[in-house]
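[1] sharing a model that was predicted from the sequence below.
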Amino acid sequence: MTEARFRVIATGPHVSVQDAGRFGQMRFGVPASGPMDRTAHAIANRAVARPPEAAGIEVSRGGLVLECLSGAVSLAVTGGGFIVESGEARAGSWVRTTIRAGQRLTIRPGHWGSWAYLAFAGALVSPHWLGHAATHSMSGLGGGKLTVGQEILVTGARLLGDEAKIPCPVFARPLHRVHVVMGPQDRFFDSATQARFLHEPFSLTDAYDRMGVRLKGPPLMPVGALSIPSEPILRGSVQVAGDGVATILLADHQTTGGYPKIATILSADLDRLVQLRPRDRLRFCAVSAAEAVARARLHAARIRPYFSAIGPR
């Protein structure tokens, strides 16, 4: 079987192996994890003829440098607007290219985006936890965070032809106007506070990791809500602590909590929100539950023809 082997030369924080995530385990206290930007992860896999749920490498703004020790393999990089250097070639992300023994692959941040996705035209060999390679950042269980000196093996490595650009669709770019369904604990916020939430701007802070991101903006003081029983939490919940500071919960969020959630971000918007960077601004826009369902269906309808059109020929 054809193999390609790599060594990690440099890696930033939060660079890890991620597949689509481990679902159905939250009742046991296990987050789904998986990619921060699920759409970009699936597109990278599709571009190299891999299943959308296959394991790849999620790259933070800290960047990644790999050296190909042996073999050759085609790969794809999507996600944010990162810079990709493969051998002597230099391009933006949203590209499919090939790397061979003796060459280095460098992925570093460019003009926009917080997360990039590296998928190989072959199977990335990595540890599994509960049947999945998705890395839980707090425990390190799963495929794991990448470390300097680590070797990476890709089996069944294939070459897919010349370098090719991958179209970056509008639905994969950062989103500054985010749609939410209010609740489930919006009743603990008075009408003036809810109005501030929906009409005043917020910005992302540097308190940003795979568990969540704290926001800077108007205070959202809850009224009599800090003794509510703990309950299940969803990815995309906008949770407000006793100091009135809002936090958006992301891929590795805790599975239960007792702070009130003023709103929940639509799944289709969340993948785009995570590509914002600290100090980028955003606003929230409330929609009904029925409109949220309609938007989810529209998003699926927009993605379907795009996925059919990309990939090696």
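    Arrived safely.
[2] show me where the stretch 1-150 of the chain has helices.
    38-47 (DSSP state H, counting those that start in this stretch).
[3] got any ranges where this protein has weak pLDDT?
    Scanning the chain for pLDDT under 70 picks out 1, 225-227, 312-313.
[4] show me the chain divided up by domain.
    3-168, 177-305 (automatic domain parsing).
[5] single out the most deeply packed of those.
    Ranked by mean neighbour count under mean count of other CB atoms under 10 Å, those are led by domain 3-168, which reaches a mean of 20. C-beta: built from backbone N, CA, C; applies to glycine.
[6] now do it: distance from first to last residue.
    Taking CA to CA, to the nearest Å, domain 3-168 runs 29 Å from one end to the other.
[7] one more: stretch 155-168?
    By CA to CA, the extent of stretch 155-168 from end to end equals 28 Å.
[8] so which of the domains of the chain is nearest Gly311?
    Nearest of the domains of the chain to Gly311, taken as CB to CB: domain 3-168 at 5.3 Å.
[9] which residues touch Phe188?
    Going by CB atoms under 8 Å, 6 or more residues apart in numbering, Phe188 touches 222-225, 228, 260, 262.
[10] got a list of what the closest residue to Gly142 other than its chain neighbours touches?
    Nearest residue to Gly142, sequence neighbours excluded (CB to CB, 6 or more residues apart in numbering): Thr135, at 3.9 Å. Thr135 makes contact with 16-18, 33, 141-145, according to CB under 8 Å, 6+ apart.
[11] ok, Val77 next?
    The neighbours of Val77, taking CB under 8 Å, 6+ apart as the test, are 44, 84, 93-95, 97, 107, 116-119.
[12] just Ile310 next, same as before
    Ile310 neighbours (CB under 8 Å, 6+ apart): 43, 46-47, 166-167.
[13] switch to 6 Å and redo it
    The contact partners of Ile310, taken as CB atoms under 6 Å, 6 or more residues apart in numbering, are 46-47.
[14] heads up, I number from 680, so please use that
    With 680 as the first residue, the last one maps to Ile989.
[15] and it, how close does it get to Tyr796?
    Noted for Ile989: a distance of 14 Å to Tyr796, by CB to CB, to the nearest Å.
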